[in-house]
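>>> got a sequence here, can you model it:
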Amino acid sequence: MISKYFQRQSLNVGGALRLLAIASLSAALAACGGGNPGNADAQASTRSAVPVETAKAAQQSITANYSGTATLEAVGEAQVVAKTSGIVLKILVEEGMHVEKGQLLAQLDADAANNKLAQASATLSKAQAAYDKAEKGLALKITPKSDYDSIHYDLENQKAVVAGAQLDLSYTRIVAPISGVVSKRSIKVGNLVQVNQAMFDIVDLDPLQAVLNVPERDLDTLKAGQSVRMRVDALSGKTFDGVIARIAPVVDAASGTFRATCEFRDTTRTLKPGMFGRIEVAYDQRHDALVVPRNAIAEEDGESSVFVIEPAPAKPAVPDKAKGKPGTAVAAETKAPAAPVFVAKRRVVKTGYAEADRIEIRDGLKDGERVITLGRNAVRDGTEVQVLDGGKAATDAVALSRVAERGQ
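So this is what the prediction gives:
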């Protein structure tokens, strides 16, 4: 009796568990669309599609640029040094001041130089008198020719001494060797300067040059006389126009680059030597190029490719019979997918010029086709994708597919 009782209790528990499982399955089917297979397939398809963003290939103007970075350098630069020793009496210029060639910058004590010149001049007068007397004696055949020659040499030597003293006196006036801006002052009033001691630095700010080290593959691209544009970060990205002044005739074997010297004339004197600039050289332009965003391009095994979206093949409609009373006919409905679904197709393309975030497609793509830009790494050829900009993408993709069908 006890064993039969436990058998009946086990059967009751097993039946209850089976009923609970069936109820759970029914609830799950209802949540997926009321048990409708069509809705379940549509939702499963939408969930499996990879979400992506696309862009339309369109004809636009594009400019071919070479870009590089360089530091500005002054073409004319001079360090003013003392050519004689002396005490600094006056300083007439300061850093940042513009000076002209030959302008007085500073004055050294000239007393010693003046005294030396006075002595040399007096000795020259004596030598001149001796020479004049010897010349008359030679004419009268009183002075021997050898004495005359010796006195003549003494006169010429003393003339050179006087010229040297005059030169030393001129060195007490410190003048600018070139026109430009005083970039550095290294002396103060009262300093004793020695020969070859640095006193001023002067730079010529017009023009300024920047040297680009360009890869040798662009040797035929860049030419002297081409216009360039430089953007300077230190000046809030302000741009300056310039020109390629010259191209080096040789390629550096170690780096595989050649030097392109760019020249900039800035009348406002905003540019300064030592500034860092980003230089762009526009060497060609196409007005009817087929252009896509750069992030649509994938490089693999030496090939450039894009993923083009196409409408996914149509799936057969599944009828959905509504519930009704027994014996009552009910009309059937067709359920469509919740969102447009497309297929990604890999397309090998040939690229051309690139500018900023755009790149030219020269072969492999048609005007109006949409390429995947975001989510490209998550798809493969034939992957179903859900386009986030689906409405516009659907219109473009369907229109292009119809055009292609008519072309066939």
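>>> flag every buried residue along the host helix or strand of residue 304.
Residue 304 belongs to strand 303-311 when assigned by DSSP states H and E. Going by neighbour count (16 or more other C-beta atoms under 10 Å), the buried part of strand 303-311 is 304-310. Placement of C-beta: from N, CA and C, glycine included.
>>> kindly report the same for stretch 288-299.
289-293, 296-297.
>>> do stretch 109-118 as well
Under 16+ other C-beta under 10 Å, the buried positions of stretch 109-118 are 110, 112-113, 116-117.
>>> kindly report the same for stretch 188-201.
In terms of neighbour count (16+ other C-beta under 10 Å), stretch 188-201 has its buried residues at 191, 193, 199-201.
>>> any idea which of these is closest to residue 163?
Among the buried residues of stretch 188-201, residue 193 lies closest to residue 163 (C-beta to C-beta), at 23.1 Å.
>>> for the residue nearest to that closest one when sequence neighbours are not counted, give its distance to residue 115.
Excluding its sequence neighbours, the residue lying closest to residue 193 (C-beta to C-beta, 6 or more residues apart in numbering) is residue 82, at 4.3 Å. Separation of residue 82 from residue 115 (C-beta to C-beta, to the nearest Å) stands at 19 Å.
>>> and for residue 267?
Look at residue 267 and residue 115: by C-beta to C-beta, they are 47 Å apart.
>>> do residue 234 as well
With C-beta to C-beta as the criterion, residue 234 and residue 115 are 52 Å apart.
>>> run the chain-centre distance for the strand holding residue 304.
Chain-centre distance of strand 303-311: 30 Å, with C-alpha atoms, centre = their mean, to the nearest Å.
>>> helices of the stretch 1-150 of the chain, start to end?
Using DSSP state H, counting those that start in this stretch, the helices of the stretch 1-150 of the chain run over residues 2-31, 37-48, 111-139, 145-170.
>>> show the average pLDDT along the first one.
The reference is to helix 2-31. For helix 2-31, mean pLDDT is 41.
>>> do the last one as well
Rounded to a whole number, the mean pLDDT of helix 145-170 is 94.
>>> which elements pack onto the helix or strand just after that helix?
Per DSSP H and E, the first helix or strand lying C-terminal to helix 145-170 is strand 173-175. With contacts taken as 3 or more C-beta pairs under 8 Å, 6 or more residues apart in numbering; DSSP states H and E, strand 173-175 sits against strand 104-108.
>>> parallel or antiparallel, list what pairs with the strand it packs on.
Next to strand 104-108 in the sheet, as set by DSSP bridges, lie strand 86-91 (antiparallel), strand 173-175 (antiparallel).
>>> show me where pLDDT drops low in this protein?
1-47, 314-340, 389-408 (pLDDT under 70).
>>> how does it divide into domains?
Here the domain parsing of the chain from automatic domain parsing is 48-62+288-407, 65-73+203-286, 83-108+175-196, 110-171.
>>> returning to what we had before: could you dump the buried residues of stretch 109-118 to a markdown table with distance to residue 216?
Shown next, in a markdown table, are the buried residues of stretch 109-118 (distance: C-beta to C-beta, whole Å):
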| residue | distance to residue 216 |
| --- | --- |
| 110 | 58 |
| 112 | 59 |
| 113 | 57 |
| 116 | 60 |
| 117 | 60 |
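>>> what is the nearest of these to residue 54?
Residue 54 lies nearest to residue 110 out of those, by C-beta to C-beta, at 81.9 Å.
>>> who are the neighbours in contact with the closest one?
Contacts of residue 110 were listed using C-beta atoms under 8 Å, 6 or more residues apart in numbering, and they are 86, 169, 172.
>>> cool, thanks, talk later.
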